[in-house]
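Got a sequence here, can you model it:
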Amino acid sequence: MSENRYRFFQHTNLSAGELFFFVTVDETEKQLGFKDLAAVSMLLLGQNDVPVAGKLGGATAGTSVISIAARKLFPLQLRHRLPTIVGIGPRGLRIAFTRSLGGFVGRAIPVIGVVMMSYDAFFIMRNTVATYNRLVKPEDKVL
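Got it, this is the predicted structure:
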């Protein structure tokens, strides 16, 4: 890194790394809003932390609050089995099939939360790099 110094709003005498940090904080603040609260809620409600008895061997232990609620709200059994993501491990995604509409919805909600948070993370970093590169001298730019 160079010895160049920068200013960002009220912050003065910043190194390039410090400037990048403050730009990241600013872009994060701009991006996050109510939809992110919903995404985090989806992730938390989708955690398998409710103990459940009677699961077969090899099944993921526990169930989620959202899965319990969705199964009660949508008690419909479908004719065809639908694929759902039940975990991510060293071998990749774990897929399970279900005929329960409530089970499908309960397993899909945390996945939607992950997609929403990934979207935000992508745009935060893209905007951070673009803003940072506009503010710094050529030798301090990042890709």
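
Mind listing what's buried along the longest helix along the chain?
Longest helix of the chain, by residue count under DSSP state H: helix 101-135. By 16 or more other Cβ atoms under 10 Å, the buried positions in helix 101-135 come out as 101-110, 113, 116-117, 120, 124, 127-129, 131-132, 135. Every residue, glycine included, has its C-beta placed from N, CA and C.

do the same with stretch 75-82
Of the residues in stretch 75-82, those buried (16+ other Cβ under 10 Å) are L82.

Also stretch 45-61?
Across stretch 45-61, burial judged by 16+ other Cβ under 10 Å covers 45-46, 48.

for that stretch, what is the average pLDDT?
Mean pLDDT, stretch 45-61: 79.

so who does G103 touch?
The contact partners of G103, taken as Cβ atoms under 8 Å, 6 or more residues apart in numbering, are 67, 70-71, 84.

and of those, the nearest to E3?
Proximity of those to E3, judged by Cβ to Cβ, is greatest for T84, which lies at 53.8 Å.

ok, which stretches of this structure are helices?
Along the chain, the segments classed as helices by DSSP H run 16-31, 34-45, 65-73, 101-135.

Name the single longest strand found in this structure.
Criterion DSSP state E: the longest strand present in the chain is strand 77-89.

list the helices and strands that strand packs on?
When contacts are defined as 3 or more Cβ pairs under 8 Å, 6 or more residues apart in numbering; DSSP states H and E, strand 77-89 packs onto strand 92-100, helix 101-135.
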